[in-house]
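# requesting a structural model of the entry that follows:
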Amino acid sequence: MARFDIKSTGRTAGTALVNWWRAVSLEALCVAVMWLIGLWLLHVPLFAVWALIGGLMAFVPNFGGVIALLGPVFSILFSGKDIERLGFVLGLYAVIVIVDQVLIQPALMKRTARVPIWISILAPIVLGIVIPFWGVLLAPPLLAVIYAFRKPKGKQPATSLPER
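Predicted coordinates:
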């Protein structure tokens with residue numbers, strides 16, 4: 001029977017949270033680069049500032065992307081640029097959100113925190129329904145900790161045979 005050890009349990013949970021934080025940081029960097037390239041190609045004023053803010057807002061689930069969108073939208077509206085460019089910025093936002101939520105975030109969670117891709121997509125949806133707002137906010141780090149405590153299949157403890 002396994003014995004509960006607070007030190008090793010805390011170390012396992014802490015390592016899982018550090019791995020999750022690495023995944024979120026890499027995700028934020030990828031989002032910032034996508035914003036930088038897209039806004040630069042669209043000639044949006046202050047594109048580097050908005051890209052930096054977009055990367056930082058990647059740390060805020062669900063609402064961060066919308067907050068990151070406000071800067072480029074107002075920058076285009078107040079600079080007197082054409083409305084067509086505004087449509088392209090909104091399209092860029094849609095592409096970044098889809099690429100981030102469907103490809104980058106699940107892949108990084110699988111690689112750094114060993115969370116399967118399907119559960120990293122499904123868990124925030126389910127927890128968001130069960131516990132609105134908090135469920136979506138807590139789903140990724142919670143998954144990282146849960147999967148840190150799961151024993152990998154095929155790595156069962158070796159049993160020693162009695163010696164004669």
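
# where exactly do the helices run in this protein?
Taking DSSP state H to define them, one finds helices in the chain at 6-41, 47-57, 63-79, 83-98, 105-113, 117-130, 134-149.

# any stretches of the protein with poor pLDDT?
1-4, 81, 151-164 (pLDDT under 70).

# could you rerun that using 50?
Scanning the chain for pLDDT under 50 picks out 1, 156-164.

# follow-up on the earlier one: pipe the helices of the chain into CSV and attach mean neighbour count per row.
Backbone N, C-alpha and C define where each C-beta goes, glycine included. Output for the helices of the chain, formatted as CSV (neighbours: other CB atoms under 10 Å):
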stretch, mean neighbour count
helix 6-41, 17
helix 47-57, 20
helix 63-79, 17
helix 83-98, 14
helix 105-113, 21
helix 117-130, 15
helix 134-149, 18
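
# Asn19 versus the closest residue in space to Val24 that isn't next to it in sequence, what's the distance?
Sequence neighbours aside, Phe59 is the residue nearest to Val24 in space, at 6.2 Å (criterion: CB to CB, 6 or more residues apart in numbering). Per CB to CB, to the nearest Å, Phe59 is found 16 Å from Asn19.

# how about the contacts made by His43?
Contacts for His43 (CB atoms under 8 Å, 6 or more residues apart in numbering) come out as Arg85.

# for the closest residue to Gly71 other than its chain neighbours, which residues are in contact?
Of all residues not flanking Gly71 in the chain, Trp50 sits nearest, at 4.4 Å (CB to CB, 6+ apart). Contact partners of Trp50, counting by CB under 8 Å, 6+ apart, are Trp35, Leu39, Val44, Ala68, Gly71, Pro72, Ser75.
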